[in-house]
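1. Just need the structure, nothing else, for what follows:
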Amino acid sequence: MRRGKAGAALVIGAVLAVGVPAAPAAADTDAVRDRQWGLTALRAEEAWGTTQGGGVTVAVLDTGVDAGHPDLAGQVLEGADLVGMGAGPGDRAWARHGTAMAGIIAGHGHGRHRRAGVLGVAPQARILPVRVILEEGDPGRAEARESKGGALAEGIRWAADHGADVINLSLGDDSDSAHHEAAEDEAVQYALAKGVVVVASAGNGGREGNHASYPAAYPGVIAVAAVDRRGRKAPFSTRSWYASVCAPGVDIVIADPDRSYYEGWGTSAAAAFVSGAVALVRAAHPELSPAQIKKLLEDTAADAPAGGRNDARGHGLVDPAAALQAADALRPEPAVPRPAAAGSAHFGPGPEPAPADAAAAGPVLPAAAGTGLGLLVLAAVLARRPSGRPARPPRGSADQGDRVG
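-> The predicted structure is shown next:
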């Protein structure tokens, strides 16, 4: 999808491969639930002893979410379609990627004792779907590239205004011409100021130059890199300065609207795992600010790199169980820092006492006052200087997947 007049490409972080019909329920349980290694890596069951994410709303800004999927039934709220064209419910090119991400975040399984299907990291969280991009095979994709470039920024603001506690952005542009978009950055800052945690995939450009990916690179975003079963950085995962933490992103079992299950890869999945972890923290500690939650996840991450952080894996593997435990000791802070009172009425020690001979001091005071006025005017002029740089049109990329089960 193109963004704005510059025509910057915005693509989803994963494309799912078409597979054969779903397996019977018994095989479903073995092939799907038993392959969800990401839940074990994140110690999800231990975290569930504290909370399963009840009362938290995670906005999934994506290609749409299948509210009727048995693994998500009853948890998908009424959302918004900010694209308004292309495929619709029931079409093959609709809501595949978004449904997969929603399942990783908040899937609750189905069937007897809910033993079939996928479990999400926060299986009691609610999903708020916001359609801001189209699937790769959507017939409306070309038209959307030209006319719906502002959907992502609009979607972030919409989600922040409609009850989202967490915004999941399993999407991005990590091409060699990716660049900052002012409207998107401002929308992210708007959401953060309202207390909404924003999570994004770090990018899949690890084999194509590790170019910065947006929205992951915007200030305040929890940017998530991908690792494999052994905790190693996935080869495709972008290595960059903005990586906050890492999460599973290889051989991830995902739900599809066709009621089959597939194995996919990408930092899209990693971001969804972290959004689920944030939902758990938010459920137990709703008063914590986005900045506190970001730092909490970084400080409690498992298997931290040497030195505490690197560009490949951030601060380490997100650990919601450890984050929940550490959060008990935190004192809530506002989403936007409160202004602090000045310690003194003057910069520095203040003015010299007036000399006894006021007449002698007469010529000095106007000169001092004039200098101070000049500094204030200069500060005002500097504050009004424009900033930023011209936009350049980037390209996009995507992930792949294979069916299981």
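2. give me every residue that touches residue 225.
-> 202, 233-234, 237-239, 243, 245-247, 249, 267, 270, 312-314 (Cβ atoms under 8 Å, 6 or more residues apart in numbering). For glycine as for every other residue, the C-beta is placed from the backbone atoms N, C-alpha and C.
3. Identify those among those residues that sit within strands.
-> Secondary structure from DSSP state E places 243, 245, 246, 247 of those in strands.
4. Need those residues in CSV (columns: neighbour count).
-> Output for the ones in strands among the contacts of residue 225, formatted as CSV (neighbours: other Cβ atoms under 10 Å):
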residue, neighbour count
243, 26
245, 30
246, 32
247, 32
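5. Closest one of those to residue 133?
-> residue 247 (21.2 Å; Cβ to Cβ).
6. Okay, and the beta partners of that closest one?
-> For residue 247, the beta-bridge partners are residue 226 (DSSP bridges).
7. pLDDT at it, what is it?
-> As summarised for this prediction, residue 247 has a pLDDT of 98.
8. And residue 331, how far from residue 222?
-> Going from residue 331 to residue 222 by Cβ to Cβ, to the nearest Å gives 21 Å.
9. How about residue 83?
-> Distance from residue 83 to residue 222, by Cβ to Cβ: 25 Å.
10. repeat for residue 295
-> The gap separating residue 295 from residue 222 is 10 Å, by Cβ to Cβ.
11. Please say which of these two ends up with more neighbours.
-> residue 222 (29 against 16; other Cβ atoms under 10 Å).
12. what's across from the more buried one in the sheet?
-> Here residue 222, judged by DSSP bridges, has bridge partners residue 199.
13. these two touch, right, it and residue 199?
-> Yes: look at residue 222 against residue 199 with Cβ atoms under 8 Å: they come within range, at 4.6 Å.
14. Find residues that contact each of these two.
-> Joint contacts of residue 222 and residue 199 (Cβ under 8 Å, 6+ apart) are 274, 278.
15. residues touching residue 328, list them.
-> Counting by Cβ under 8 Å, 6+ apart, residue 328 touches residue 285.
16. Tell me where the model's unsure across the stretch 51-200 of the chain.
-> For the stretch 51-200 of the chain, applying pLDDT under 70 flags no range at all.
17. And the strands in it?
-> 57-62, 80-81, 108-110, 116-119, 126-131, 166-169, 171-172, 197-201 (DSSP state E, counting those that start in this stretch).
18. for the residue positioned nearest the centre of the chain, what are its contacts?
-> When Cα atoms, centre = their mean is applied to the chain, the residue found nearest the centroid is residue 199 (1.6 Å). Residues in contact with residue 199 (Cβ under 8 Å, 6+ apart) are 166, 167, 168, 169, 221, 222, 224, 271, 274, 275, 278.
19. So it versus residue 58, what's the distance?
-> On the measure of Cβ to Cβ, residue 199 and residue 58 end up 9 Å apart.
20. so what sits against both of the two?
-> Taking Cβ under 8 Å, 6+ apart as the criterion, residue 199 and residue 58 both touch 166, 167, 168, 275, 278.
21. any idea how far the residue nearest to the fourth one when sequence neighbours are not counted is from residue 259?
-> Taking Cβ to Cβ, 6 or more residues apart in numbering as the measure, residue 275 lies nearest to residue 168, with 4.0 Å between them; neighbours along the chain are not counted. As for residue 168, its distance to residue 259 is 23 Å (criterion: Cβ to Cβ).
22. who's more crowded, the two?
-> residue 168 (35 against 16).
23. Am I right that that one is in contact with residue 269?
-> No: shown here, residue 168 and residue 269 do not form a contact pair, counting by Cβ under 8 Å, at 11.0 Å.
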